[in-house]
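A.B. asks: build me a structure from this.
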Amino acid sequence: MRNPIAVFVGVLVLVLAVHAAADEPRPYVRTVHLERVYTHSNGYKVVYRTSRLETAETYIPARWFGRASGTGEIIYTNHKAAPYMQVYYESGEFSHVRLFVRSNTTHPSWGFLPNRPEELERFIAVGDQLQVRY
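C.D. replies: Okay, here's the model as predicted:
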């Protein structure tokens, strides 16, 4: 026969572990396939298709990239699925974005965005929230 105290402690630890895991916010990820990624001195303009096959765009500021715990991460790859982005949400709020882009910047999915004042305003207007229409 097992020790009832040991069984009770084991069950208690299991219940507490399950309860602690339930309290942690779970990330929610949306993958968006991109048509084109435009580089700019202030970040990236991303053109993509919505679920209704409409063309949409969003601006991702350069300041989001380059920090260890930054809001943005860019991954250069030669995978056939690129370019695409993964948008992460935690507790329903935007958390961070990962851009998966072609390593070869001469690939047709890459473009260059000229330095015009209206483009700068769009990067500034983003603030801390990525606006994506799904």
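
A.B. asks: give me the secondary structure label for the residue nearest the centre of the chain.
C.D. replies: Of all residues in the chain, the one closest to the mean position by CA atoms, centre = their mean is residue 97, 2.0 Å from it. When classified by DSSP: H, G, I helix; E, B strand; the rest coil, residue 97 comes out as strand.

A.B. asks: so that it lines up with my notes, have the first residue be 493 from now on.
C.D. replies: Shifting the count to begin at 493 puts that one at residue 589.

A.B. asks: and it, what does it touch?
C.D. replies: 552, 556, 563, 564, 565, 577, 578, 579, 580, 622 (CB atoms under 8 Å, 6 or more residues apart in numbering). From N, CA and C alone the C-beta is placed, and that goes for glycine too.

A.B. asks: not counting its neighbours along the chain, what's nearest the third one?
C.D. replies: Put plainly, it is residue 563. Closest residue to residue 563 apart from its sequence neighbours, by CB to CB, 6 or more residues apart in numbering: residue 556 at 4.0 Å.

A.B. asks: my guess is that neighbour contacts residue 535. True?
C.D. replies: Yes - counting by CB atoms under 8 Å, residue 556 touches residue 535, with 7.4 Å between them.

A.B. asks: so residue 590 sits right up against residue 577, yeah?
C.D. replies: Yes - with contact defined as CB under 8 Å, residue 590 reaches residue 577; the gap is 6.4 Å.

A.B. asks: give me the mean pLDDT for the lengthiest strand in the chain.
C.D. replies: The longest strand of the chain (DSSP state E) is strand 519-532. Across strand 519-532, pLDDT averages out at 94.

A.B. asks: so which bits of it are buried?
C.D. replies: 524, 526, 528, 529, 530, 532 (16 or more other CB atoms under 10 Å).

A.B. asks: which stretches in this protein count as strands?
C.D. replies: Counting by DSSP E, the strands of the chain are 519-532, 535-541, 547-553, 564-569, 576-582, 585-594, 602-604.

A.B. asks: so which elements touch the longest one?
C.D. replies: So that's strand 519-532. Applying 3 or more CB pairs under 8 Å, 6 or more residues apart in numbering; DSSP states H and E, we find strand 519-532 packed against strand 535-541, strand 576-582, strand 585-594, strand 602-604.

A.B. asks: cheers, nothing more for now.
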